[in-house]
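# Starting from these lines, generate the structure:
(chains A and B)
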Amino acid sequence: MRTLEQTTQEVLDLATKHFQLPVGSLAPEDDFFRKLGIDSLQTLEMLSRLENHFGIELPDYEVQGVSDFKTLAERIQSRL
Amino acid sequence: MLDLSKYQSIGAALKDALDRFAGEVCLIEADRDREKERLTYRDFQQRAHPVAKALQDAGFAAGHRASIIMTNQSKWLISAYAVFFAGGVLVPLDYKLTPDEQWQLLDHSEATVLITEYPIWRQLSVSTCRASAGVQTVLVTEAPPNVELAGAKRLEEFRTQGEPVFVQRKRSDTACIVYSSGTGGRPKACMMTHENYLEQCVALTSLYPFWPGVRYLSILPTNHAIDFMVGFFGPFTCGAAVVHLRTLRPEYVREAFPKYKITYVSLVPLVLKNLQKGLQARFDALPQGKRRVFDALVAINKMLTRSQPRLGVSRLLLKQVHEAFGGELRAIIVGGAFTEPQTLQFFYDLGIPVANGYGLTEAGTAITVNDLKPFRADTVGKPLPGMEVRILNPSGDGVGEVAVRSKTVMAGYLNDPELTAETIVDGWLMTGDLGKLDEHGHLQLSGRKKNMIVTEEGKNIYPEDIESVFEGLPVKEFCVFAANYIWPKRSMTGERLVLALHLEQGQPYSDELRREINARNQRLLNYKRIHGVVLLEEEFPRTASLKIKRNVLAELLAELDGSTAVLPL
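Numbering: from 1, shown residues only, chains lettered A, B, ... in the order given. Have a look, this model is predicted:
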């Protein structure tokens, strides 16, 4: 079972790769709308990637209002 | 043509439709690639009646208010019908608002019943704002077994024996209270009458008809005026079916088109643009030879559809594109915000008409819609049947404020006669939008007169509604503005909010202050955030009661150079 820290790191790694950013440029507290310059639709696409990676289903309501990687990782962790 | 003249209310029109189309499919609900439910009109009635009966037995009567806060799903429509059947007034609220905002609007609307989903209730029930609202009955659907519901009842268990009694309403009675804004400031609760909806439904379906077998994909939130009309009332009065997706991930939305043979879908410009980007990337990836053939077919389609859409021809010529959309798509309805002409043209060239229009909640959804005779990407279409549109005080180029008069215009704002009197003058609704009518009667929008923005996601943001987040900021005074309100721009896209600051004597605009503004900005939902700061060295003009005179302050700010005055965060 992953720890929350591991899950958070994997979320950051995946977002870094998906948006082709330099390694280490994202932090858990970062607001992904601002930092990645993405809209709500692109966020949904990112969530699908995360679901595939973690092998879970994350209902849309679970991520409603979430805008930072740390909280997102917590929501994923609760479903692992 | 649809005739709703014999009906006095939404409930009466729906009741009749449920009987007439009893055997037709009315709802399909899917979660990812799994179909969860398929209901006929008869099934729908059988689900709604027990809820209506239980509401009546609980004392819910004509004119009582019930709010729905749900994602798009079958129980939204079933609950709404039960409320109308019992003669109630529906208060549809945005499920994306924060729990505090939702309680604030519940309080303002004086709703006594709330129907919601468990994940939403989980957050609502712990909000400290709960105590102030007068909601007596909370019905929660999809709650896991054995969970504590904090005073709420399970919607699935909310039923009593016997048949409900249908409650008649008059056309002039309020059917819905719809919030066009006001979560942080002065609520704008539009009182929409039964007549508003009945008239709008007839007008819209005269251009974009529904019939049994038509399938509408419901993606825009149903609390939104557009989806309420074309994703519920319109299709239901005509015996068509509505498809709900519980997950709005792009891949499942894409799959839904061919899987459910979608006829119509409504999208906000942001999603339409994204769809365009995806299609364009696929066309660009075609090998050179295939690309040439494809471009030639598009050119032929353009030529053949110049005067009007010819769906059969387009589906034949551009088979693969149309098959990706299920092969049955008749039009994409776009609304909620301004759509760029090149996006509209892109889809029309592929043989997929985009029903572009212009509307306001206050006007009963749509005011103008493109009638496709011929398609025009550069306008928002002609006024719908029954709509009178006037341009007030036009300037030399014909541009002025758009005013509307119609049976679809709301009765007024709830508990706000002053704002109602400012908005509806001698029967004309002042839209606050600027535009002109061309020689063919098409409306062209060119900017806003009012201090607000509309995002590409179709969200109306009023500066007053987000100011509370900056309360206590260590500055002398502040005020939020739509940048285009200060520096008028002939544009309906790329709208931004800015924070005007008047610092204390000798106070620098420090990094610390910037960080504080940023931190507060982050507390707002992403689409409500400000994009920059404007510094003013003068006192803000105020009224005798010390309220900021926003229009005078905007004039002062306008003296600054808009291209350099906005400091990034």
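# I'd assumed B:Ala30 was in a strand, is it?
Yes: judged by DSSP: H, G, I helix; E, B strand; the rest coil, B:Ala30 forms part of a strand.
# Test my guess that it contacts B:Val253.
No: assessed by Cβ atoms under 8 Å, B:Ala30 is found out of contact with B:Val253, at 10.5 Å. Any C-beta I mention is one placed from the backbone N, CA and C, and that applies to glycine too.
# hey, what's in contact with both of the two?
B:Leu245 (Cβ atoms under 8 Å, 6 or more residues apart in numbering or on different chains).
# Pull out the buried positions in stretch B:129-147.
For stretch B:129-147, the neighbour count (16 or more other Cβ atoms under 10 Å in any protein chain shown) marks B:Cys129, B:Arg130, B:Ala133, B:Val135, B:Thr137, B:Val138, B:Leu139, B:Val140, B:Thr141, B:Glu142, B:Ala143 as buried.
# What is the burial count for the closest residue in space to B:Leu536 that isn't next to it in sequence?
Spatial nearest neighbour of B:Leu536, chain neighbours left out: B:His502 (5.3 Å); criterion: Cβ to Cβ, 6 or more residues apart in numbering or on different chains. Using other Cβ atoms under 10 Å in any protein chain shown, B:His502 has 17 neighbouring residues.
# hey, what's B:His502 bridged with?
On the basis of DSSP bridges, B:His502 is bridged to B:Glu477.
# B:Lys96 and B:Glu35, how far apart?
Here B:Lys96 is placed at a distance of 25 Å from B:Glu35 (Cβ to Cβ, to the nearest Å).
# between those two, who's got more neighbours?
Higher neighbour count among B:Lys96 and B:Glu35: B:Lys96, with 19 against 13, using other Cβ under 10 Å.
# excluding its backbone neighbours, what's nearest the more buried one?
Nearest non-adjacent residue to B:Lys96, counting by Cβ to Cβ, 6+ apart: A:Gln64, 6.6 Å away.
# Let me know the secondary structure of B:Glu422.
The three-state label given to B:Glu422 by three-state DSSP is helix.
# So it is in contact with B:Leu429, correct?
No: in this structure, B:Glu422 is not within contact of B:Leu429 by Cβ under 8 Å, at 10.9 Å.
# who touches both of those two?
When Cβ under 8 Å, 6+ apart defines a contact, no residue borders B:Glu422 and B:Leu429 alike.
# Among the two, which residue is more densely surrounded?
More neighbours surround B:Leu429 than the other of B:Glu422 and B:Leu429, with 21 against 11 (other Cβ under 10 Å).
# How about the residues of chain A by chain B?
Counting by Cβ under 8 Å from any Cβ of the partner chain, chain A comes close to chain B at A:31, A:33-34, A:39-41, A:44-45, A:47-48, A:57, A:59-62, A:64-65, A:67.
# Let's see that with 10 Å instead.
A:29, A:31-34, A:38-45, A:47-48, A:51, A:57-62, A:64-65, A:67-68 (Cβ under 10 Å from any Cβ of the partner chain).
# Now a ChimeraX select for only the buried ones of the residues you listed.
To isolate the buried ones among the residues of chain A next to chain B in ChimeraX, judged by 16+ other Cβ under 10 Å, type:
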select /A:32,33,34,38,39,40,41,42,43,44,47,51,58,60,61,62,64,67,68
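# Tell me which entries of the residues of chain A next to chain B lie within helices.
Using DSSP state H, the members of those that fall in helices are A:Phe32, A:Phe33, A:Arg34, A:Ser40, A:Leu41, A:Gln42, A:Thr43, A:Leu44, A:Glu45, A:Leu47, A:Ser48, A:Glu51.
# what's the helix or strand for the closest residue to the fifth one other than its chain neighbours?
Excluding the flanking residues, the one nearest A:Leu41 by Cβ to Cβ, 6+ apart is B:Asn274, at 5.3 Å. With elements delineated by DSSP states H and E, B:Asn274 resides in helix B:269-284, which encompasses its position.
# If you count neighbours, what's buried in that helix?
Within helix B:269-284, the residues that count as buried by 16+ other Cβ under 10 Å are B:Pro269, B:Leu270, B:Val271, B:Leu272, B:Lys273, B:Asn274, B:Leu275, B:Gln276, B:Leu279.
# For chain A, what's the nearest residue on the stretch 251-400 of chain B?
Residue nearest to chain A within the stretch 251-400 of chain B: B:Asn274 (5.3 Å; Cβ to the nearest Cβ).
# tell me the contacts of A:Leu36?
Residues in contact with A:Leu36 (Cβ atoms under 10 Å, 6 or more residues apart in numbering or on different chains) are A:Ala15, A:Thr16, A:His18, A:Phe19, A:Leu21, A:Leu26, A:Asp30, A:Gln42, A:Thr43, A:Met46, A:Phe69.
# repeat that with 6 Å
Applying Cβ atoms under 6 Å, 6 or more residues apart in numbering or on different chains to A:Leu36 gives the contacts A:Phe19.
# Give me the distance between it and B:Leu275.
As judged by Cβ to Cβ, A:Leu36 and B:Leu275 stand 20 Å apart.
# same thing with B:Arg159?
For B:Arg159 relative to B:Leu275 (Cβ to Cβ), the value is 41 Å.
# tell me the phi and psi of the residue nearest to B:Glu422 when sequence neighbours are not counted?
Nearest non-adjacent residue to B:Glu422, counting by Cβ to Cβ, 6+ apart: B:Met430, 7.5 Å away. Per-residue torsions, B:Met430: phi -80, psi 110 (degrees, to the nearest 10).
# separation between B:Met430 and chain A?
Look at B:Met430 and chain A: by Cβ to the nearest Cβ, to the nearest Å, they are 31 Å apart.
# burial measure for that residue, as a count.
Residues lying near B:Met430 (other Cβ under 10 Å) number 17.
# ditto for B:Thr305
Counted with other Cβ under 10 Å, the neighbours of B:Thr305 add up to 22.
# Give me the below-cutoff pLDDT ranges for the stretch 401-550 of chain B.
Low-confidence segments of the stretch 401-550 of chain B (pLDDT under 70): B:545.
# Equivalent analysis for chain B, please.
Where chain B drops to pLDDT under 70, the residues are B:182-185, B:545.
# Quickly name whichever of the buried residues of helix B:269-284 is closest to B:Asn521.
B:Leu270 (20.7 Å; Cβ to Cβ).
# hang on, isn't that closest one packed against B:Gly458?
No: assessed by Cβ atoms under 6 Å, B:Leu270 is found out of contact with B:Gly458, at 7.8 Å.
# Need the phi and psi values for the residue of chain B positioned farthest from its centre.
Going by Cα atoms, centre = their mean, the residue of chain B most distant from its centre is B:Gly506, 45.3 Å out. For B:Gly506, the backbone dihedrals (degrees, to the nearest 10) come out as phi 80, psi 0.
# Next: the one 5 residues further on.
Main-chain dihedrals, B:Asp511, degrees, to the nearest 10: phi -60, psi -30.
# and what of B:Pro221?
phi -60, psi 140.
# before we move on, back to that, please tell me how far the residue nearest to B:Glu422 sits from B:Gly335.
For B:Met430, the distance to B:Gly335 - Cβ to Cβ - is 20 Å.
# Compute the number of surrounding residues for the residue lying closest to B:Gly412 once chain neighbours are set aside.
Distances taken as Cβ to Cβ, 6+ apart put B:Thr420 closest to B:Gly412, at 3.6 Å, once the chain neighbours are dropped. Residue neighbour count, defined by other Cβ under 10 Å, stands at 18 for B:Thr420.
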